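In: need a 3D model of the sequence below.
(one chain, ligands or ions: 1)
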Amino acid sequence: MQQVEKKQRENWGSRFGFIMAAAGSAVGLGNIWRFPYLTGMNGGGAFIVIYLGCILFVGLSIMLAEFTVGRKTGLATVGAYKSQNRNWTFAGALGVLSGFFIMGFYPVVGGWSLAYVFKSVTGLLAAPEAIGDTFVAFIGAPVEPLVWMVIYLAVNIFIVAKGVAGGIEAAGKVLMPTLFVLLIFIIFRSVSLPGASAGLNFLFKPDWSVVTGQTFLAALGQAFFSLSLGMGCMITYGSYLNKKENLPSNALTVVSMDTAVALMAGLAIFPALFAFGLEPTQGPGLVFVVVPQIFAHMGGGIGMLFSVIFFVALTVAALTSSVSLLEVVVAYLIDEKGVARRTATYVASAVMCVMCILSSLSMGVMSGFTVLGVGFFDFFDILTDKIFLAIGGMLLAIFAGWFMDKEELKAEVTNNGEVSFGLFEAWYAMIKYVIPVLIAIVAYSGITAIEQKSLMIFGLLVIVVSAIFSKKL
Ligand code: PFF
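Out: Sure, this is the predicted structure:
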């Protein structure tokens, strides 16, 4: 058993393979669907500046910390914590729980993206004025989005049950660069539309008057979500890294790629949005409304073709992320509970499917039904990205800073002195002192709305309960 475990843990064929897998997990709906709409809802440029600050000062350090803890322990989330200190098992459990809850809405949006591949060729682009209404009607429908969600989830199940993530990674290797190229192309189209400059102003001229504590929390949560941090996903990936890899440079590469894609998505969307006279604050529909309009305005077969390629690429980017989410949960059940891979995958995704049905219906027929003041979709979303991930990141920082040996960390980060990392002391001070305090302040000042307060209390309760029960995990 141990033997097999060891073998499996050394399976990144190449540095490129690792980078693509980690970047594949990071780059997903978070960058292309979520980042633009959050930017739109939080006032544009100011949000972006704060987001970049969160990436640079928090995200990058936590990414390195997750890689380090993962490679040092050679174990996935729960095992990594447990192997160092049994009292910390709950922090790993919280990560698994976050993965679970994110999968309570992520496949819904993955399903939208998949649906838009087909809608692109079945008349969606024929009437550009109707694209916004079509989207609202589509996501609010009782059956259609569920069908797409189930298909999307089934693909995840197929990949994870077979343990053939290699296949999706191979697809990612082709489609991620495709997405990159396509985004560049869309950016050119977008900025050359008449009236596009208003969008550029929105992105690059920060209006600080709209900034509140909530803006900071939204930016911090988005940084964690987008980089796949705060739930041990990158701990797990780090556990597969070989001892020769340069951790700081890998962390920098993944963070830079993720940030570049998010900024490109913003640049692709906002100039066109303003050119078409649309509202930046429209929320989750943004990418599904603006991008098809850009293609519709190109007209004819070529617009259709680009639209299909775009949504295929977006779906695959989403898949490489959701597979990593499902894998966190499945790996836990396999490693810690001894469940067989297939059983673990089916059981976990059956529960996720129920959560997704509730999330999807909360956009339509169940819109009046709320939990702690919000619909199911928002419940899973806010709970994970504004509460669990940020707290998960904070716990990891405290754990690495206060409960692991500094010299051992240094040896791991620098490959026993072979890699020079001049910023070690600064990084260490960040995770030990600055980041835990910073996250506490941001969480405190950002949770202002009453729904969010009750969600925060609920989230903390969940954490306490998991801490009590984690002794049994
Ligand atoms: N980073 C992914 C995205 O931006 O779409 C979402 C995600 C994947 C979050 C994996 C967390 C995670 F562990």
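In: which parts of stretch 355-374 are buried?
Out: Within stretch 355-374, the residues that qualify as buried are 355-364, 366, 371-372, 374, counting by 16 or more other Cβ atoms under 10 Å. Any C-beta I mention is one placed from the backbone N, CA and C, and that applies to glycine too.
In: for stretch 463-473, same thing?
Out: For stretch 463-473, burial by neighbour count (16+ other Cβ under 10 Å) applies to 463, 466, 467, 470, 473.
In: and the closest residue to residue 470 other than its chain neighbours, how many neighbours?
Out: Spatially, and ignoring its direct neighbours in sequence, residue 470 is nearest to residue 90 (3.8 Å; Cβ to Cβ, 6 or more residues apart in numbering). Using other Cβ atoms under 10 Å, residue 90 has 24 other residues around it.
In: now residue 90: how far from residue 391?
Out: 11 Å (Cβ to Cβ, to the nearest Å).
In: okay, and the common contacts of the two?
Out: Residues touching both residue 90 and residue 391 (Cβ atoms under 8 Å, 6 or more residues apart in numbering) are residue 463.
In: follow-up on the earlier one: what packs against whichever strand or helix holds the residue nearest to residue 470?
Out: In this assignment (DSSP states H and E), residue 90 forms part of helix 89-102. Helix 89-102 sits against helix 77-84, helix 233-239, helix 300-337, helix 341-361, helix 389-403, helix 450-469, with contacts defined as 3 or more Cβ pairs under 8 Å, 6 or more residues apart in numbering; DSSP states H and E.
In: dump the ones you listed to TSV, plus mean pLDDT and distance to the ligand.
Out: Formatted as TSV, the helices and strands packed on helix 89-102 follow (pLDDT from 0 to 100; distance: least, Cβ to the nearest ligand atom, whole Å):
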stretch	mean pLDDT	distance to the ligand
helix 77-84	92	10
helix 233-239	91	3
helix 300-337	90	4
helix 341-361	96	14
helix 389-403	95	7
helix 450-469	80	16
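In: most tightly packed of those helices?
Out: helix 233-239 (a mean of 28; mean count of other Cβ atoms under 10 Å).
In: just how off-centre is that one within its chain?
Out: How far helix 233-239 lies from its chain's middle: 15 Å, per Cα atoms, centre = their mean, to the nearest Å.
In: what's it in contact with?
Out: So helix 233-239 is contacted by 9, 18, 21-22, 25, 63, 66-71, 73-77, 80, 95, 99, 227-228, 247, 324-325, 327-328, 331, 396 (Cβ under 8 Å, 6+ apart).
In: over to stretch 286-299?
Out: For stretch 286-299, with Cβ under 8 Å, 6+ apart as the criterion, the contacting residues are 32-33, 36-37, 40, 112, 116, 119-120, 124-126, 128, 131-132, 135, 186, 189-190, 193, 265, 268-269, 272-273, 276, 278, 280, 282, 303-304, 306-307, 310, 314.
In: write the ChimeraX selection for whichever of those are buried.
Out: Restricted to buried positions by 16+ other Cβ under 10 Å, the ChimeraX selection for these reads:
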select :32,33,36,37,40,112,116,119,120,124,125,128,131,132,135,186,189,190,193,265,268,269,272,273,276,278,280,282,303,304,306,307,310,314
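In: looking at the contacts of stretch 286-299, which are in helices?
Out: Those of the contacts of stretch 286-299 mapping onto helices are 36-37, 40, 112, 116, 119, 131-132, 135, 186, 189-190, 265, 268-269, 272-273, 303-304, 306-307, 310, 314, per DSSP state H.
In: tell me the pLDDT of residue 229.
Out: pLDDT recorded at residue 229 is 97.
In: who's in contact with it?
Out: Neighbouring residues of residue 229 by Cβ under 8 Å, 6+ apart: 59, 62, 63, 66, 223, 389, 392, 393.
In: for the protein, name the helix or strand with the lowest mean pLDDT.
Out: For the chain, counting by mean pLDDT, DSSP states H and E, helix 2-8 ranks last in confidence among helices and strands (a mean of 41).
In: can you give me the neighbour number for the residue in the chain that the ligand sits nearest to?
Out: Here the chain gets closest to the ligand at one residue, residue 30, 2.1 Å apart by Cβ to the nearest ligand atom. The tally of other residues near residue 30 (other Cβ under 10 Å) stands at 28.
In: which residues of the protein lie near the ligand?
Out: For the chain, the residues in contact with the ligand (Cβ under 6 Å from any ligand atom) are 25-26, 28-31, 99, 102, 225-226, 228, 231, 233, 321, 324-325.
In: make it 5 Å
Out: 25, 26, 28, 29, 30, 226, 228, 231, 233, 321, 324, 325 (Cβ under 5 Å from any ligand atom).
In: report the inter-axis angle for the helix holding residue 90 versus helix 300-337.
Out: 150 degrees (axes from the mean of the first three to the mean of the last three Cα atoms, to 10 degrees).
In: separation between residue 388 and residue 135?
Out: 28 Å.
In: same thing with residue 323?
Out: 26 Å.
In: separation between the residue of the chain positioned farthest from its centre and residue 125?
Out: Of all residues in the chain, residue 300 has its C-alpha farthest from the mean position, at 34.0 Å, by Cα atoms, centre = their mean. Distance of residue 300 to residue 125, computed by Cβ to Cβ: 9 Å.
In: now residue 52
Out: 34 Å.
In: kindly report the same for residue 135.
Out: Taking Cβ to Cβ, one finds residue 135 at 13 Å from residue 125.
In: next: residue 243.
Out: Residue 243 is 51 Å from residue 125, by Cβ to Cβ.
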